[in-house]
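[1] my questions concern the predicted model and sequence given below.
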Amino acid sequence: MWIAKVKERFIEAVKKSPKLTVYLCAAAVCTAALLLMRAPPKAEEKPAQTSAPAEITELSYERCLEAELEEIISKIQGVSDVSVMLTLEGSDRRIYASDISESDSKTESKTVVIGSKEALLQSTEYPKVMGVLVVCRGGGSASIREKVVNAVSTVLNIPAAKVYVTNAK
């Protein structure tokens, strides 16, 4: 209903002002020209994909671990309002497939390339968790702290001494 009113007002404005018609036509032509000038990138200019489409960046890996820990810790009886912070060692390491050729005098290793410039990713090693801070309601209780520390150290396979749990305000 309101679209019809807007359309009627627009038509009336265009009929009253020929300049408005010229301006609208010019704007349409400029918009079309800009859209046509934006050419898709050439095949050579596309960045090479080095892994699966669902590649996890270092930051998203850290955030994903934190979110999973927050979710599972919040399910422990007596725990609520959980916040988790992780410390990671270094960054992720990508291991690319290589083709090894041996001759009498030397061994040569070349990275396997797919297509023109795309290296074949064999695996990714994510950084090791160095420490975990958990802030939660209920963290003031010794029994709750013990449950949270045990859960985190078990899930991440790190010593309990690298997990600190404290009470939230």
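    Thanks, I have the structure now. Residues are numbered from 1 along each chain as shown.

[2] ok so I158 is a helix residue?
    No: assigned with DSSP: H, G, I helix; E, B strand; the rest coil, I158 falls outside any helix and is coil.

[3] ranges for the strands of the chain?
    For the chain, the strands defined by DSSP state E occupy 80-89, 93-96, 98-102, 107-111, 113-114, 118-119, 121-125, 128-137, 163-167.

[4] quick one: closest of these to A13.
    strand 118-119 (54.3 Å; Cβ to Cβ). Every C-beta, even on glycine, is put in place using the N, C-alpha and C of the backbone.

[5] tell me how many other residues crowd D104.
    By other Cβ atoms under 10 Å, 4 other residues sit near D104.

[6] related to what we said a few turns ago, as a markdown table, the strands of the chain with mean neighbour count would be great.
    Formatted as a markdown table, those follow (neighbours: other Cβ atoms under 10 Å):
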| stretch | mean neighbour count |
| --- | --- |
| strand 80-89 | 15 |
| strand 93-96 | 12 |
| strand 98-102 | 10 |
| strand 107-111 | 9 |
| strand 113-114 | 13 |
| strand 118-119 | 16 |
| strand 121-125 | 13 |
| strand 128-137 | 18 |
| strand 163-167 | 17 |
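
[7] nearest to K16, of the ones you listed?
    With Cβ to Cβ as the yardstick, what comes closest out of these is strand 118-119 (59.3 Å).

[8] distance-wise, check G140 relative to G78.
    10 Å (Cβ to Cβ, to the nearest Å).

[9] equivalent analysis for A13, please.
    For A13, the distance to G78 - Cβ to Cβ - is 66 Å.

[10] just A4 next, same as before
    60 Å.

[11] neighbour count: the two, which is higher?
    Neighbour comparison, A4 and G78: the larger count goes to G78, with 13 against 8 (by other Cβ under 10 Å).

[12] excluding covalently adjacent residues, which one is nearest to the more buried one?
    G138 (4.4 Å; Cβ to Cβ, 6 or more residues apart in numbering).

[13] how many residues are close by that neighbour?
    Neighbours around G138, by other Cβ under 10 Å: 21.

[14] for it, phi and psi?
    Torsion angles at G138 (phi, psi; degrees, to the nearest 10) stand at phi 100, psi -10.

[15] residue contacts, it?
    G78, V79, S80, I144, N167 (Cβ atoms under 8 Å, 6 or more residues apart in numbering).

[16] if I look at the nearest residue to the last one once chain neighbours are set aside, how far off is K147?
    In other words, N167. Closest residue to N167 apart from its sequence neighbours, by Cβ to Cβ, 6+ apart: G140 at 3.6 Å. Separation of G140 from K147 (Cβ to Cβ): 13 Å.
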